[in-house]
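With the input below, show me the fold.
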Amino acid sequence: RAPSLTGYYDFEYINDDREDSPGEFRQHHLTLLVSREFRKFRLFGEVEFEYGSHFEGEGGTELKEAHGELKLEQAWAEYIHSDRLTLRAGKIFVPSYVSIHHWPNLWLSTRYPLMRNKVFPETFVGVMAYGTKYWEKFGVTYKGYIANGVSEFSAKEDTNENKAVGGQLSIHLPSHGLLD
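Residues are numbered from 1 along each chain as shown. Below is the predicted model of the structure:
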């Protein structure tokens, strides 16, 4: 399959009651998503331009002004052994609802919860294993990971010997017939 390039753009309108703060439109995200699948391997990357970075150059590359951010949200490669076992490595979102469903068409608020990045990190650099197994009446999904320890620069270097370990276990019950 050929590589896939998709993305989205969103903006917001901010209006509050302060006299010195006029209502305004803001360009919030321009996000590009690149993916490629080849047999049992999958590659994925997400690059985000937030709040309109501005770069100009004349005859060379010269930074005139910079507003906003350009960041690598996530980038990973994975090997799909079966439905029960997939191995993923790279910069990965922590398997939580807020992190995985962070795109504007899935997230139903303009603000993220206070726990995001204060209690739980948004992403980690490391390795994750996940899979699903279904039987007749129910199923189980697991996700487990090991990652760099807490660090301001965890995507670039691991500044301590601590490792983060986490996981998620979901049980899928039938939606009808439980009380029959």
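
Residue 86 contacts residue 127, correct?
No. Residue 86 lies out of contact with residue 127 (CB atoms under 8 Å); the separation is 11.3 Å. C-betas here are computed from N, CA, C, even on glycine.

For the closest residue to residue 169 other than its chain neighbours, what is the enclosing helix or strand?
Spatial nearest neighbour of residue 169, chain neighbours left out: residue 142 (5.4 Å); criterion: CB to CB, 6 or more residues apart in numbering. For residue 142, the host element (DSSP states H and E) is strand 139-148.

Show me what that strand is packed up against.
When contacts are defined as 3 or more CB pairs under 8 Å, 6 or more residues apart in numbering; DSSP states H and E, strand 139-148 packs onto strand 123-134, strand 163-172.

got the buried residues for the first one?
It refers to strand 123-134. By 16 or more other CB atoms under 10 Å, the buried positions in strand 123-134 come out as 123, 124, 125, 126, 127, 128, 129, 130, 131, 132.

Next, count neighbours for residue 8.
13 (other CB atoms under 10 Å).

show me where this protein has helices.
Remark: helices assigned in the chain by DSSP state H are 97-100.

So, low pLDDT: which residues of it?
Scanning the chain for pLDDT under 70 picks out 52-67, 101-120, 151-157, 176-180.

residue ranges for the strands of it, please.
Ranges of strands in the chain, per DSSP state E, are 4-14, 24-38, 41-50, 69-82, 85-93, 123-134, 139-148, 163-172.

now for the second one, which elements pack on it?
By that I understand strand 24-38. Using 3+ CB pairs under 8 Å, 6+ apart: strand 24-38 touches strand 4-14, strand 41-50.

if we can go back for a sec, looks like the residue nearest to residue 169 contacts residue 131 (just checking).
Yes. The pair residue 142 and residue 131 qualifies as a contact (CB under 8 Å) at a distance of 6.2 Å.

how long is stretch 31-46 from one end to the other?
One end of stretch 31-46 to the other measures 7 Å (CA to CA, to the nearest Å).

The strand holding residue 142 - which strands sit beside it in the sheet, and in what orientation?
Strands that pair with strand 139-148, judged by DSSP bridges, come out as strand 123-134 (antiparallel), strand 163-172 (antiparallel).
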